[in-house]
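Engineer: Using only what follows, build the 3D model:
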Amino acid sequence: MLGEGNVADTAMSDAGTTGGDDPLQRAIWRLRSRGCWSDAAALLIPHAADPKAAVQRTALLVERCLFTGQGWEEAEDALRTAEAVAGNDDERGAAACERGQLAYAATVLGVRDRADEARSALGRACLLYPS
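Structural biologist: This next block holds a predicted model:
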């Protein structure tokens, strides 16, 4: 696995930091910070069976959609993978959160009105995360 701890906490923190001592996370951060989201996401493909990696890959591709308005289908494919490999409520919640983010981005950028899907997915994520 890529790390220990709550999937939601770790996926979100790894996506926005330098990656600490993990060479993979450092490489992802360097690419992400340069706007090379596809390249960063490609580094996670060999780890696609790991729920944390699948969610992180999805988050990178959703971020690319938000910044470039492109890559929607690849983000959807990554999201389906993250949902398929999720094995517990934390992992399902993290995938649902990314579904909400993708739907929200599509709505805001005018790609397609997915506001209902965004609300539903983010509501599901809230229910799946422990309080």
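Engineer: Moving C-terminal from whatever helix or strand A59 lives in, which element do we reach first?
Structural biologist: For A59, the host element (DSSP states H and E) is helix 51-68. Where DSSP H and E defines the elements, the next helix or strand beyond helix 51-68 is helix 72-85.
Engineer: Show me the helices in this protein, by range?
Structural biologist: Using DSSP state H, the helices assigned to the chain run over residues 7-15, 23-33, 37-42, 51-68, 72-85, 89-108, 115-128.
Engineer: I'd like the average pLDDT over the first one.
Structural biologist: To tie it back to what came earlier, the one meant is helix 7-15. Averaged across helix 7-15, the pLDDT comes to 43.
Engineer: Over to the third one?
Structural biologist: In this model, helix 37-42 has an average pLDDT of 98.
Engineer: same question, the last one
Structural biologist: When pLDDT is averaged over helix 115-128, the result is 93.
Engineer: Using PDB, list the CA coordinates for it.
Structural biologist: C-alpha atoms of helix 115-128 as PDB (Å, rounded to 0.1, in the frame of the first residue of the first chain):
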ATOM      1  CA  ALA A 115     -25.600  19.500  -9.800                       C
ATOM      2  CA  ASP A 116     -28.000  16.900  -8.600                       C
ATOM      3  CA  GLU A 117     -25.300  14.200  -8.900                       C
ATOM      4  CA  ALA A 118     -22.800  16.400  -7.100                       C
ATOM      5  CA  ARG A 119     -25.200  17.000  -4.200                       C
ATOM      6  CA  SER A 120     -26.000  13.300  -4.000                       C
ATOM      7  CA  ALA A 121     -22.400  12.100  -4.100                       C
ATOM      8  CA  LEU A 122     -21.200  14.600  -1.600                       C
ATOM      9  CA  GLY A 123     -24.100  13.700   0.700                       C
ATOM     10  CA  ARG A 124     -23.200  10.000   0.400                       C
ATOM     11  CA  ALA A 125     -19.600  10.900   1.200                       C
ATOM     12  CA  CYS A 126     -20.700  12.600   4.400                       C
ATOM     13  CA  LEU A 127     -22.700   9.600   5.400                       C
ATOM     14  CA  LEU A 128     -19.900   7.200   4.800                       C
END
